[in-house]
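# Here is my input, please return the structure:
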Amino acid sequence: MKFARAKRPVPLLDTANFLAVFGGKDGASLPLDNQGLMRPLEMIAFPGTTFEIQEEIKENQDTTILHLKTEDYPEKNVFADYRFLHQSEENIPPRKAFLPSTKEIIQNLTDLVGMPYLWGGNWSEGIEEMLTLYPPQKPLDAEKRRIWALKGVDCSGLLYEATRGATPRNTSQLLFFGKDCAGSSFLPLDLIVWPGHVLIVLDENRVIESRASFGVIISPLKERLEEIKQRKDLRYKRFHPEQLGWLLPFRSTVSPLPLEVIDRMRLFSWTPECPVSLHHLRYLTLTHFGFDGKVHTGELVMHYRVADEVIAIFKDLYEARFPIEKMKLIDEYGGSDHHSMSDNNSSGFCFREAIGKPGIFSKHSFGLAIDINPLYNPYRKKELILPPEGEIFLDRSILLPGMISENDPCHRAFSKRGWIWGGVWEDRQDYHHFERSL
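Next up, the predicted model:
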């Protein structure tokens, strides 16, 4: 069996006949129903989505269509153009979806107000590449061109995009998602769902939805409840941990280095030649969200003068639900920065030279630098990529959970306290690296 990973957003259809969908007999038609909906589109797979390849179908000399199965859309097998996918003989781990904070999801939802409705749509900006891969043979009007480029979202696709693919894609799955909350007061992000449609509560007065002919709109909650009150198949669902009371408060500790930590560091990460004494380092424990969506406790060693600041930074990351896969001392990897990065481990103190600068100590040697999710945020200088396994994450146009971008919650948490991000350096990009000067 062969496997595949989405290199970029991938249109998934319910048919292998892409040329019939994008062009038809006259080369400029779309199979729209009497509501103007293009039903063959099942969804847009997010970058990083993994697939099992069931079959390869040669549509013409230039195009191969893959018959696929994916955990991200378990309802049925789907079809995709091979040009959107990276194929592999080895099994590929599933895409890691991480649920953003309530605040971020609501912001994402409201940012989409005014977006048109698209059956199967959940990548609102669309895929202009479809107009190049399947060029229409006649001029298209604006509406048909929009649908061809797959711009817009449907009702469950609105939620799927706002949660970065962390919620079920279809209403048939949302009916059984989360916990029933019928009879209780509505909270933000509660769902009012029935077969074929979903309303998303924004607050006690408003709901947001994507409706055919209307697109993404905000309506008064009471009015929409009045309009649907005769339905017998309504379900009221609550899914976000913050609303379910499952979110534990952020916890942290700061202390001088424990003796067992000192013993480990003397073996691997600290020597008498280190520019900072053990007396000036502090041992930190901090709670963080992992890639599994659960709360974990990590550990860092940092300089005593930035210890409280680091605690405040990680409190911001926790409240933003920014995911950190793991956070272990570098000594767990025998002091090997390479092994730590390859394992996507976030770390602080490590006595070593700066990359490419012999004789110059890295900021890590002073306990004044932190690397966050280094596999997903690799280092690059010309041909050098560290860790090498992170090469697939160098494309920063598509951001996955745990990747860092300018002005995102992770960057803001560090930069507002005077930390410098290596992702904006001109001579190299160190996307996982934050450092501080005293």
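# Could you pull out the helices in the stretch 201-350 of the chain for me?
221-228, 241-244, 259-268, 307-319, 337-342 (DSSP state H, counting those that start in this stretch).
# Now do residue 399, the pLDDT please.
Per-residue pLDDT puts residue 399 at 77.
# Correction: the previous question concerned residue 134.
For residue 134, pLDDT reads 96.
# Contacts only, for it.
Residues near residue 134 by C-beta atoms under 8 Å, 6 or more residues apart in numbering: 18-19, 22-23, 148. Placement of C-beta: from N, CA and C, glycine included.
# does residue 314 really touch residue 285, like I thought?
No. Using C-beta atoms under 8 Å, residue 314 makes no contact with residue 285, being 10.1 Å away.
# Find residues that contact each of these two.
With C-beta under 8 Å, 6+ apart as the test, residue 314 and residue 285 both reach residue 252.
# Near residue 83, how many residues? Count them for me, please.
Residue 83 is flanked by 13 other residues according to other C-beta atoms under 10 Å.
# That one - that's part of a helix, no?
Yes. Looking at residue 83 with DSSP: H, G, I helix; E, B strand; the rest coil, it is inside a helix.
# and it, what does it touch?
Contact analysis of residue 83 by C-beta under 8 Å, 6+ apart lists 63, 133.
# Check the gap between it and residue 40 for me.
18 Å (C-beta to C-beta, to the nearest Å).
# What about residue 219, how many residues nearby?
Residues contacting residue 219 under the criterion other C-beta under 10 Å number 17.
# Ignoring the adjacent residues along the chain, who's closest to it?
residue 207 (5.7 Å; C-beta to C-beta, 6 or more residues apart in numbering).
# With residue 220 as the reference, measure out to that neighbour.
8 Å.
# still on that earlier bit, top of the contacts of residue 134 by neighbour count?
residue 22 (26 neighbours).
# where in this structure is pLDDT low?
Within the chain, no stretch has pLDDT under 70.
# Could you rerun that using 80?
Along the chain, the parts satisfying pLDDT under 80 run over 59-62, 245-247, 293, 353-359, 397-399.
# can you list the domains in it?
2-96, 153-243, 252-435 (automatic domain parsing).
# Let me have those domains in TSV, adding distance to residue 133 as columns.
Converted to TSV, the domains of the chain look like this (distance: least, C-beta to C-beta, whole Å):
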stretch	distance to residue 133
domain 2-96	7
domain 153-243	21
domain 252-435	18
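# Which of those sits closest to residue 138?
Residue 138 lies closest, by C-beta to C-beta, to one member of these: domain 2-96, at 3.8 Å.
# re the thing from before, bridged to the residue nearest to residue 219, which residues?
For residue 207, the beta-bridge partners are residue 201, residue 219 (DSSP bridges).
# roughly how far apart are it and residue 185?
14 Å.
# same deal with residue 391?
Taking C-beta to C-beta, one finds residue 391 at 49 Å from residue 185.
# Looking at those two, which one has more neighbours?
Higher neighbour count among residue 391 and residue 185: residue 391, with 12 against 7, using other C-beta under 10 Å.
# In three-state terms, label the closest residue to the more buried one other than its chain neighbours for me.
When the adjacent residues along the chain are set aside, residue 391 lies closest to residue 385, with 5.1 Å between them (C-beta to C-beta, 6+ apart). Using three-state DSSP, the structure places residue 385 in strand.
# so where do the strands sit in the stretch 51-200 of the chain?
64-69, 78-81, 85-88, 179-180, 191-194, 197-203 (DSSP state E, counting those that start in this stretch).
# Mind checking those for the one nearest to residue 325?
Proximity to residue 325 (C-beta to C-beta) singles out strand 85-88 among the strands of the stretch 51-200 of the chain, at 21.5 Å.
# so what does the closest one touch, helix or strand wise?
strand 2-6 (3 or more C-beta pairs under 8 Å, 6 or more residues apart in numbering; DSSP states H and E).
# Show me what the next helix or strand after the strand it packs on is in contact with.
Per DSSP states H and E, strand 2-6 leads on to strand 10-13 as the next helix or strand towards the C-terminus. For strand 10-13, contacts defined as C-beta under 8 Å, 6+ apart pick out 21, 40-45, 49, 68, 73, 78-81, 84-85, 120, 127, 130, 150.
# ok, 6 Å please
With C-beta atoms under 6 Å, 6 or more residues apart in numbering as the test, strand 10-13 has contacts from 40, 42-45, 78-80, 84, 150.
# Report the contact partners of residue 221.
By C-beta under 6 Å, 6+ apart, residue 221 lies in contact with 205-207.
# I am finished for the moment; much appreciated.
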